[in-house]
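Chemist: Predicted coordinates and the sequence they were generated for:
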Amino acid sequence: MVEITKKSKAATLALYRTLASKDRDQKIRDGIYVYAADHIRPHAKAAGLWDTMQPRIAELTDLALAGWGPLADGDAASVLGPLFVKGLAYSPLKNG
């Protein structure tokens, strides 16, 4: 148990160093991916669509990139509200 604790402390420290070295935009991109993937993955896997959707989640569109500033600066409600209410938050899947 002592060895496991020692290794986990070292790994945690390495993780925090990695996170601290990222710039603000990369932290935001990482957060967007984790948030989107964690919410969508269970449903997409159950529907057999995860392999199709995962690359689309990983690639941020120009529209998503343009929304970072307002989202990160505390204006998320004005950006996200209309997207979800109007059904525009996710583009439809294409066959093929």
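Modeler: All right, it came through fine.
Chemist: quick one: contacts of stretch 18-30?
Modeler: L60, W68, L71, A72 (Cβ atoms under 8 Å, 6 or more residues apart in numbering). In short, each C-beta sits where N, CA and C put it, glycine included.
Chemist: quick one: the longest helix along the chain to chain centroid distance?
Modeler: Determined from DSSP state H, the single longest helix within the chain is helix 24-46. Centre-to-centre, helix 24-46 and its host chain are 3 Å apart (Cα atoms, centre = their mean, to the nearest Å).
Chemist: Buried ones in it, by neighbour count?
Modeler: I28, R29, I32, A36, I40, A44 (16 or more other Cβ atoms under 10 Å).
Chemist: same check, this time on stretch 44-64
Modeler: In stretch 44-64, counting by 16+ other Cβ under 10 Å, buried: A44, W50, M53, I57, L60.
Chemist: what's it in contact with?
Modeler: Under Cβ under 8 Å, 6+ apart, the answer for stretch 44-64 is R29, I32, Y33, A36, A37, I40, R41, S91, L93.
Chemist: Columns distance to S78 and pLDDT on top of those residues, output as CSV?
Modeler: Formatted as CSV, the contacts of stretch 44-64 follow (distance: Cβ to Cβ, whole Å; pLDDT from 0 to 100):
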residue, distance to S78, pLDDT
R29, 21, 81
I32, 17, 78
Y33, 22, 81
A36, 19, 79
A37, 24, 83
I40, 23, 85
R41, 27, 88
S91, 21, 69
L93, 27, 70
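Chemist: Turn those into CSV, columns for distance to L80.
Modeler: CSV is the format used below for those (distance: Cβ to Cβ, whole Å):
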residue, distance to L80
R29, 17
I32, 12
Y33, 16
A36, 12
A37, 17
I40, 15
R41, 19
S91, 15
L93, 21
